[in-house]
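K.L.:
With the input below, show me the fold.
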Amino acid sequence: MMKDLAFNKNDDQLRLMVSELKTRWNAVSLGGGKKKIEKLHSQGKMTARERIAYLLDKDRDQIEIGAFAGDGMYEEHGGCPSGGVVVVLGYIKGRMAIVVANDATVKAGAWFPITGKKNLRAQEIAMENRIPIIYLVDSAGVYLPMQDEIFPDKENFGRIFRNNAIMSSMGITQISAVMGSCVAGGAYLPIMSDEALIVDKTGSIYLAGSYLVKAAIGEDIDNETLGGATTHCEISGVTDYKSADDSSALTTIKNIVDKIGDMPVAGFNRTKPAAPNKDPKEIYGIIHPENAKPFSTREVIERLIDNSEFEEYKAGYGQTIITGYARVDGWAVGIVANNREVTKSRSGEMQFGGVIYSDSADKATRFIANCNQKKIPLVFLQDVTGFMVGSRSEHGGIIKDGAKMVNAVSNSVVPKFTIIVGNSFGAGNYAMCGKAYDPRLIAVWPNAKLAVMGGAQAAKVLLQIEKASLKSKGEVITPEKEKALLEKIESRYDRQTSPYYAAARLWVDAIIDPLDTRKWISMGIEMANHAPIEKRYNPGVLQV
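P.N.:
A predicted model of the protein is given here:
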């Protein structure tokens, strides 16, 4: 394709964003820092990431879930890099599994509120896709200064053990290795797994440690005798395998997983994988890093799909959404993408790129139904500013057409995967399968923005509210003060629309390099293929 000055500027800026992403990942991957890592090594223990690297197959792809969980949060408590737990989807002896490893370099692996949320996300992935889940336990338990935010609610700490029980009933393999502390309520997690290992001298399991036992019942006992490997492998029978060290425990897990039998599959269509004919690296120059200018969404799609071959559905109708069939790494997919080009309706009316109009919502709804009928996984490429507003749209029934699309997304029974490639604003986030609509995986590119509305519009609305509040208090708003207020509001709002803000709160699973998009979609569909579809698609009361 022709590479002009604008292309080169876009390319430079997006590459800088990708470079920042890698720099920030390098920082969070150190967990509690180099000194804490050295202390762990001195105890004969691996770090969480070292354990996962040892366990997973070296020659296969893997993806990390929630690397930026907790980013910028809990600063008054010293921070919580990666939420104090590392979650990776990969392969063990050729079998796909999700691994959850407490990071003992972060507050001794204590559970912050975001830690619980991230663990629940890992379990959700295992349950939805019927894949084994491996827990590498090394945790001091609930972070007590924040216990009120992690202990009692439905989506808090206790939900994890409920999920253990549910997965057991579903026949999903759960294996736990106790590689450090495992105390109080957390002691139930490994024991509610199918099989539990414990590392001699470093692993321990008990409901109450020696200090609490002394305080509660006056008994003098050391932690190793109370709940060490010998106790639980030879006396209580709580654990199944006694391992000499971390590597021995991880090798045992590999050998167990290697013998798991085959399960039924969903049967999604796959042929021999092929690379795109058009260079994926050109995506950097096609899209505008600030999501401010139109670009050809079709050109982006053609750099993500096998052989750059796209069978477009209703190409001339509802043009602000692009729909069609393609393959990604051999897997058949149905793509629903917001079109960022400015188009014209049949009546000659200009249609803004990234906006959902009635006809585009209608087209997407029909296409989603078709993919469900044909058992084709859906890929949503989000770059949406919302639904069209104004009298023409309201009189044309935009609310009903939008509701039909939301209904179709909500009731879809084929797996859905969402990549936010630009804007994700308002109800457009919902219609294009945002986090609330159960995508099996959801990732964002580094230029993405997530909010209820665009920054410029939101800042003006918030400014009017702030000015009205100040005027009610008798304050005079000078032009200088208004400018300062606007800059303050824009700064705060921009921070909240950042992909890192979203990733910190697990609104998305990851921020990814656009060049990793094919890997995420392919591994996601392979993962979803482990879970047969057990119900028929029914769009509900708002029929297609």
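
K.L.:
Which of the helices or strands spans Leu486?
P.N.:
Taking DSSP states H and E as the criterion, Leu486 maps to helix 479-497.

K.L.:
how about the helices in the stretch 351-500 of the chain?
P.N.:
358-374, 391-395, 398-411, 426-431, 455-472, 479-497, 499-504 (DSSP state H, counting those that start in this stretch).

K.L.:
The stretch 201-350 of the chain now?
P.N.:
In the stretch 201-350 of the chain, the helices defined using DSSP H, counting those that start in this stretch lie at 210-217, 223-227, 229-230, 246-257, 283-286, 297-301.

K.L.:
thinking again about what came up before, out of the helices of the stretch 351-500 of the chain, which is closest to Leu441?
P.N.:
Nearest to Leu441 among those is helix 499-504; the distance by CB to CB comes to 13.2 Å. C-beta coordinates here come from the backbone N, C-alpha and C atoms, glycine included.

K.L.:
which of the helices of the stretch 201-350 of the chain is buried the deepest?
P.N.:
Among these, helix 283-286 has the highest mean neighbour count (mean count of other CB atoms under 10 Å), at a mean of 23.

K.L.:
Between the helices of the stretch 351-500 of the chain, which one is closest to Ala177.
P.N.:
helix 499-504 (27.7 Å).

K.L.:
quick check, distance from the helix or strand just after that closest one to the centre of its chain.
P.N.:
Sequence order places strand 510-511 as the next helix or strand after helix 499-504, per DSSP H and E. Distance of strand 510-511 from the chain centroid (CA atoms, centre = their mean, to the nearest Å) equals 7 Å.

K.L.:
And strand 510-511, what does it pack against?
P.N.:
Where contact means 3 or more CB pairs under 8 Å, 6 or more residues apart in numbering; DSSP states H and E, strand 510-511 is packed against strand 63-65, strand 441-444, helix 499-504.

K.L.:
Check which element follows the shortest one along the chain.
P.N.:
Put plainly, it is strand 63-65. Next helix or strand after strand 63-65 toward the C-terminus (DSSP H and E): strand 85-92.

K.L.:
Dump that following strand to CSV, keeping only the CA atoms.
P.N.:
Taking only C-alpha atoms (Å, rounded to 0.1, in the frame of the first residue of the first chain), the coordinates of strand 85-92 have been written out as CSV:
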residue,chain,number,x,y,z
VAL,A,85,-1.1,-13.3,41.1
VAL,A,86,0.1,-14.4,37.6
VAL,A,87,-2.4,-16.0,35.3
VAL,A,88,-1.3,-17.6,32.0
LEU,A,89,-3.1,-19.6,29.3
GLY,A,90,-0.7,-22.1,27.7
TYR,A,91,0.1,-25.8,27.1
ILE,A,92,1.3,-28.5,29.5
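
K.L.:
Tell me where the model's unsure across the protein.
P.N.:
The model of the chain has pLDDT under 70 over residues 2, 344-348, 350, 395, 453-461, 541-544.

K.L.:
Could you identify the longest helix within it?
P.N.:
Counting by DSSP state H, the longest helix found in the chain is helix 5-28.

K.L.:
Now do it and strand 85-92, the angle between them.
P.N.:
With axes from the mean of the first three to the mean of the last three CA atoms, to 10 degrees as the basis, helix 5-28 and strand 85-92 are set at 100 degrees to each other.
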